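*Asks:* Give the three-dimensional model of this entry:
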Amino acid sequence: MYFQELVFKLEKFFQKQGCVILPPFDQEVGAGTLSPYTFLKVLGRKPWKVAYVQPSRRPLDGRYGENPNRLYLHHQFQVIIKPPVENIKEVYLESLKFLGLKLAKHEIKFIEDNWETAVLGAQGVGWEVRLDGLEITQFTYFQLAGGVELNPVSVEITYGLERLAMFLQNKDNVFDIQWNEGTTYGVLRKEEEKEECIYAFDESNADLLFMLFEEYEKEGRRILERGLLTPGYMYLLKCSHIFNLLEARGVISVSERQNMIGRMRNLAELTAKIVLEREGTYERLSI
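*Replies:* This is a model prediction of the structure:
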């Protein structure tokens with residue numbers, strides 16, 4: 001199954017489950033969780049079902065395009081269902097069958113793997129899903145976001161598209177994945193991977209990045225304090241990407257790291273406060 005066909009099939013499957021199918025969010029994020037399609041929507045009481053592909057940039061994971069399994073940028077297929085349906089695990093397994101996997105011939109394991117991200121003030125309980133020993137999915141029930149307890153909880157299903165494609169195509173190198181009949185993943189992305197890593201590890205201007213973090217954090221706080229939810233949250237995401245670049249450059253001290261994470265978490269908490277105040281549930285849900 002070609003990489004693009006894998007995406008089409010997952011979109012078709014979750015469309016049938018009632019999900020809104022959205023395009024990838026158009027700003028740098030380290031995971032689909034940071035997209036406003038997830039973070040802003042798991043807050044509050046309104047039901048929400050969504051599925052989308054999210055390019056996810058994690059500079060520290062980059063290997064100059066030389067490692068067959070590690071990438072600066074990978075693709076997640078992100079699903080949020082709020083509130084979760086009772087048979088959500090069965091729905092997930094059906095999605096694998098829809099991709100053509102004969103589950104009776106494979107070992108599927110749900111291994112407890114609770115999740116937390118300090119930047120978003122978020123945490124949840126869940127599992128990593130392994131297919132014949134290969135982790136292909138993260139399965140999480142969100143319990144906390146922006147420092148507030150969630151009611152109802154949401155379930156997040158995050159498929160690692162590259163890993164799943166490697167399994168389905170029986171490839172040992174991510175760059176050998178067939179994107180379609182005539183194009184490989186490597187042709188599309190290997191040079192980009194190399195250049196992004198050269199920038200992140202060797203060429204980025206640390207002084208400039210520190211300055212950008214300061215200005216983005218300041219502007220994000222100012223905008224959120226004025227009650228402008230979406231543009232304020234965008235500045236949190238800018239801060240997060242700049243932080244990831246600085247971390248890859250190896251220039252953040254232990255104390256600076258904690259300070260920067262705390263400042264980003266404050267922006268996330270301001271964001272959550274706006275969402276819940278608009279709904280009229282902030283005081284009741286805040287912990």
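*Asks:* Residue 9 contacts residue 101, doesn't it?
*Replies:* No - with contacts defined as Cβ atoms under 8 Å, residue 9 does not count as touching residue 101, sitting 11.1 Å away. C-betas here are computed from N, CA, C, even on glycine.
*Asks:* neighbour-wise, which of the two wins?
*Replies:* A direct count of neighbours by other Cβ atoms under 10 Å for residue 9 and residue 101 places residue 101 higher, at 18 against 15.
*Asks:* Name the SS class of the more buried one, please.
*Replies:* Under the three-state scheme (DSSP: H, G, I helix; E, B strand; the rest coil), residue 101 adopts coil.
*Asks:* any idea how far it lies from residue 137?
*Replies:* Taken as Cβ to Cβ, to the nearest Å, the spacing of residue 101 relative to residue 137 amounts to 12 Å.
*Asks:* so what's residue 185 up against?
*Replies:* 3, 162, 165, 174-179 (Cβ atoms under 8 Å, 6 or more residues apart in numbering).
*Asks:* now do residue 79
*Replies:* Taking Cβ under 8 Å, 6+ apart as the criterion, residue 79 is in contact with 14, 19, 50-51, 156-159.
*Asks:* Just to be sure, residue 75 is in a helix?
*Replies:* No - read with three-state DSSP, residue 75 is strand and lies in no helix.
*Asks:* That one: neighbouring residues, count only.
*Replies:* 23.
*Asks:* Low-confidence bits of the chain, can you list those?
*Replies:* Low-confidence segments of the chain, defined by pLDDT under 70: 283-287.
*Asks:* can you give me the helices for it?
*Replies:* In order along the chain, the chain carries the following helices (DSSP state H): 3-16, 39-42, 88-98, 161-169, 185-198, 206-225, 229-249, 254-279, 282-285.
*Asks:* any idea how far the third one is from the chain center?
*Replies:* Think helix 88-98. Averaging C-alpha coordinates over helix 88-98 and over its chain gives two centres that are 20 Å apart (Cα atoms, centre = their mean, to the nearest Å).
*Asks:* And it, what does it pack against?
*Replies:* In terms of contact count using 3 or more Cβ pairs under 8 Å, 6 or more residues apart in numbering; DSSP states H and E, helix 88-98 is assigned the packing partners helix 3-16, strand 108-112, strand 134-145, strand 148-160.
*Asks:* Just send the ones you listed back as CSV, with distance to residue 231 too.
*Replies:* Putting those into CSV (distance: least, Cβ to Cβ, whole Å) gives the following:
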stretch, distance to residue 231
helix 3-16, 29
strand 108-112, 38
strand 134-145, 19
strand 148-160, 21
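*Asks:* For residue 73, which of the ones you listed is the nearest?
*Replies:* Taking Cβ to Cβ, strand 148-160 is the member of the helices and strands packed on helix 88-98 nearest to residue 73, at 12.7 Å.
*Asks:* Alpha carbons of that closest one, in CSV - could you do that?
*Replies:* Output for strand 148-160, consisting of C-alpha atoms alone and laid out as CSV, is shown next (Å, rounded to 0.1, in the frame of the first residue of the first chain):
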residue,chain,number,x,y,z
VAL,A,148,-7.6,22.1,33.9
GLU,A,149,-9.3,18.8,34.4
LEU,A,150,-11.2,17.7,31.3
ASN,A,151,-14.9,16.9,31.5
PRO,A,152,-15.6,15.0,29.3
VAL,A,153,-12.3,13.3,28.5
SER,A,154,-11.3,12.9,24.9
VAL,A,155,-9.6,10.0,23.3
GLU,A,156,-6.6,10.6,21.0
ILE,A,157,-5.4,8.0,18.5
THR,A,158,-2.1,9.0,16.9
TYR,A,159,-0.9,6.8,14.1
GLY,A,160,2.8,7.0,13.1
